[in-house]
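J.: Kindly generate the corresponding structure for this input.
(one chain, ligands or ions: 1)
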Amino acid sequence: MRPMSADEFTDALRGLSHRYWGTHPFHHRMHAGELSQPELQVWAANRWYYQSAIPRKDAAIISNCPLPEVRRQWLPRIVYHDGATPGEGGMERWLRLCEAVGLSREEVLDERHVAPGARFAVDAYVGFARTKPWVEAVASGLTEMFSGHLMKARVADMLAQYEWISPDDLAYFTNRIDAVAGEGQATLDLVIEHSRTRAEQDAAIAALSFKCDVLWSLLDAIERAASKK
Ligand SMILES: O=C(O)c1cc(C(=O)O)c2c(n1)C(=O)C(=O)c1cc(C(=O)O)[nH]c1-2
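T.: Numbering: from 1, shown residues only. Reported below is the predicted structural model:
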């Protein structure tokens, strides 16, 4: 089969947006202000496990990629999450969000609240990046194309709905919104450039579909754990 044009390929990738976790019932409840503080704690502690896996996922992509220009482009993502020095970076901002919802650092870092399904989903994402061709692992991160809109809505809705949450508590998201605006397009360009055959393009679409399943399953596990609170 002939390869898709860049526009057709982009449309096929963007066409998966309906599978994105933005439409998950747990996110609907979060944005509508319907979650209790214990339910938000379950969400924050389990998403911590996702946040903490992202740099390991990105390191796996780098370790599988033979192209210096791609490795150079990808490296800042690890520093973004880990921070250039202790006490900085995305993971630190996520921990502050955890504290804002009433969790201690200790109970987040020892992962006592991480649900089995959440661990399974996140570990599958890291395993995918370790074992698949690097361009497919990069393509799996294209959920970020869909995340900017969702995170903007999350900040506005959470501030409107939960009066005990302050703008500072949501610094993780406000910072991330700016980061994904640039990263999303750069990632898409990279995937288009390095997926030339129809088989490679189809593999990239399948990778993004897989990632939608990872995020959906993560939130299913969170929803189930939260329902016991
Ligand atoms: O809050 C969200 O809805 C959301 C979604 C996603 C995503 O779509 O994968 C990421 C993030 N946040 C995020 O904060 C983040 O650092 C991140 C990294 C990645 C990735 O696959 O490399 N996705 C996401």
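
J.: what's the helix or strand encompassing Arg77 packed up against?
T.: Assigned by DSSP states H and E, Arg77 belongs to helix 68-82. Secondary-structure packing of helix 68-82 (3 or more CB pairs under 8 Å, 6 or more residues apart in numbering; DSSP states H and E): helix 37-64, helix 90-100, helix 171-194. (Glycine included, C-beta is placed from N, CA and C.)

J.: relative to helix 68-82, how tilted is the longest one?
T.: Read that as helix 37-64. Angle, helix 37-64 to helix 68-82, by axes from the mean of the first three to the mean of the last three CA atoms, to 10 degrees: 160 degrees.

J.: Now stretch 13-31: buried residues?
T.: Using 16 or more other CB atoms under 10 Å as the test for burial, stretch 13-31 gives 13, 16, 19-22, 24, 26-27, 30-31.

J.: The residues you listed: which two are farthest apart?
T.: By the measure CB to CB, Leu13 and Met30 form the most distant pair in the buried residues of stretch 13-31, at 26.1 Å.

J.: where does the protein come near the ligand, residue by residue?
T.: 54, 90, 141, 143-144, 147, 150-151, 176 (CB under 6 Å from any ligand atom).

J.: could you redo the last one with a cut-off of 8 Å?
T.: 20-22, 47, 50-51, 54, 57-58, 77, 80-81, 90, 94, 125, 140-141, 143-144, 146-147, 150-151, 154, 172-173, 176, 179-180, 211, 215 (CB under 8 Å from any ligand atom).

J.: Just the buried ones out of those residues, please.
T.: Buried members of the residues of the chain next to the ligand, scored by 16+ other CB under 10 Å, are 20-22, 47, 50-51, 54, 57-58, 77, 80-81, 90, 94, 125, 140-141, 143-144, 146-147, 150-151, 154, 172-173, 176, 179-180, 211, 215.

J.: so what's the residue nearest to Trp43 when sequence neighbours are not counted up against?
T.: The shortest distance from Trp43 to any non-neighbouring residue, by CB to CB, 6 or more residues apart in numbering, is to Ile222 (5.4 Å). Ile222 makes contacts with 26, 42-43, 46-47, 115, 118, as judged by CB atoms under 8 Å, 6 or more residues apart in numbering.
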